[in-house]
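Colleague: please find the sequence and the predicted model below.
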Amino acid sequence: MHTLDETLATATFQAAIDDAAAAGGGTVVVPAGTHRTGALRLRSHVELHLEAGALLQFVPDPALYPPVDARWEGAPATIHSPCLYAAGETDVAITGFGTIDGGGAPWWDTFRHDRASLAHPRPTLVGLHDCTRVTVRDVRLTNSPSWTVHPLRCDGVTISNVVIVNPPDSPNTDGIDPESCRNVRISDCHIDVGDDCVVLKAGTERDPERIACENVAITNCTMVHGHGGVVIGSEMSGGVRNVVISNCVFEGTDRGIRIKSRRGRGGVVEDVRVTNVVMRGVMTPFVINPFYFCGPDGKEPHVADRAPHPVGDATPVFRRIHLTHITARDVHAAAGHLYGLPEQPLTDVTLDDVTISYAADAVPGVPAMADGVPEMRRAGLHLGFVADSDVSRVRIEGCEGPGVVVEESPTLRLTEVRVDGERLDA
């Protein structure tokens, strides 16, 4: 990677941001036109506003993104500075109808073919760390080197009317990743990316901190092409709680609602409500997977073991998860894969008023990334180790094989469940 242009706007914009902060706050305007720059540090009480027609283009030269301390994949790490970076600030805003381009292609190419040459993990496009009251509104974000918007340990996060577009094959280019944040509102966004669209995270067992991600509302968004529409985990050692997902459309995502973790990670996911969601062309609409095998230690034997293990602080817990008023059409692999651990079943889970039908040209896929889960095509709803939970008013049309498969779940209740018109619980 190399600097595309020796004339950069970095110093000009950074001076304007610093001057505004020194004066007590204000707005720094990025005018229409193309502005090449390296990493910029945002400050308290300063709004960075991109006028319509403005293109803030980040140059893919690692030297322009000095190392900073942060988390990376849930653990403490030194990373290349985010393109737009704030740490420990208050009242930070990025607004306007301009475009912020992370220049991701050279970063992606290096990651794929020469990963060892990267001194640190790739920059995120917008990294807001340990901040209070942050806003990202109206802008278009594209070609992020890695995750696109990453609020970390923030209180009061508002992301609204934002368009995020990264190529479908771009590696690790998640849309929005609130990590160990509280009081988060994500609304009216369109997200079309190469990894998960919105992901809630809370660190891993490799981080001594245990900070929850909590009080999150995600509404009126469209999610396209990502690996998951809205995902929780697998980094969830601090816990994820009090989450509402409503009035969203998922189009062509691999999975719709996805919750994932594994033994050793600990953490509690609880009080999650999903309602009024339409999915089309997804591989699998619903996945809860505590046997997730990706990442460090994911291949250890205890992760995949289907025999009970002792319960302790390192045991992940999923409870009080309610999925209602959902339609999924043109499904490819399976209607759903909802599993607990044998020693820690899913509890108080509701699947209600759900309609699922399949694509005529369904492409086989693996519903959950766990050992022992085979490739499926037009398969039914698979549930295992689920306790004191309800599946009601569920209609499945056109599956091949059993419409509902239940394992080790004696207190799971099925009510008004129909497969191709035939009621299973009659």
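Modeller: That came through, no problem. Since the structure is predicted, the reported quantities are computational estimates derived from the model, not experimental observations.

Colleague: any idea how far the nearest residue to residue 89 once chain neighbours are set aside is from residue 234?
Modeller: Leaving aside its sequence neighbours, residue 89 sits nearest to residue 44 (C-beta to C-beta, 6 or more residues apart in numbering; 4.4 Å). (C-beta placed from N, C-alpha, C; glycine too.) Separation of residue 44 from residue 234 (C-beta to C-beta, to the nearest Å): 33 Å.

Colleague: out of these two, which sits in the busier spot?
Modeller: Shown here are residue 44 and residue 234; by other C-beta atoms under 10 Å, residue 234 has more neighbours (27 against 17).

Colleague: what sits against the more buried one?
Modeller: Listed by C-beta atoms under 8 Å, 6 or more residues apart in numbering, the contact partners of residue 234 are 204, 260-262, 265, 292, 294-295.

Colleague: before we move on, the earlier item: local confidence estimate at the residue nearest to residue 89?
Modeller: For residue 44, the model assigns a pLDDT of 98.

Colleague: that one reaches residue 25, doesn't it?
Modeller: Yes - counting by C-beta atoms under 8 Å, residue 44 touches residue 25, with 7.2 Å between them.

Colleague: find residues that contact each of these two.
Modeller: residue 91.

Colleague: just give the closest residue to residue 307, not the sequence neighbours.
Modeller: Closest residue in space to residue 307, ignoring its immediate chain neighbours: residue 342 at 6.5 Å, by C-beta to C-beta, 6+ apart.

Colleague: measure how buried the one you found is and give me the count.
Modeller: Residue 342 has 16 neighbouring residues, counting by other C-beta under 10 Å.

Colleague: ok, it touching residue 385?
Modeller: Yes - using C-beta under 8 Å, residue 342 is in contact with residue 385, at 5.4 Å.

Colleague: need the residues touching each of those two.
Modeller: By C-beta under 8 Å, 6+ apart, the residues touching both residue 342 and residue 385 are residue 408.

Colleague: low-scoring stretches of the chain, by residue?
Modeller: By pLDDT under 70, the low-scoring segments of the chain are 1-6, 426.

Colleague: tell me where the longest helix sits in it.
Modeller: Looking across the chain with DSSP state H, the single longest helix is helix 10-22.

Colleague: gap between it and the chain center?
Modeller: Offset of helix 10-22 from its chain centre (C-alpha atoms, centre = their mean, to the nearest Å): 32 Å.

Colleague: again with stretch 257-264
Modeller: From the chain centre to the centre of stretch 257-264 is a distance of 13 Å (C-alpha atoms, centre = their mean).

Colleague: coming back round to it: and which of the contacts of residue 234 is nearest residue 179?
Modeller: residue 204 (10.6 Å; C-beta to C-beta).

Colleague: restricted to buried residues, select the contacts of residue 234 in PyMOL.
Modeller: If you want just the buried ones from the contacts of residue 234 in PyMOL, going by 16 or more other C-beta atoms under 10 Å, the selection is:
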select buried, resi 204+260+261+262+265+292
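
Colleague: tell me the SS of the residue nearest to residue 89?
Modeller: With DSSP: H, G, I helix; E, B strand; the rest coil as the basis, the three-state label of residue 44 is coil.

Colleague: is it true that residue 68 touches residue 81?
Modeller: Yes - Residue 68 lies in contact with residue 81 (C-beta under 8 Å); the separation is 4.9 Å.
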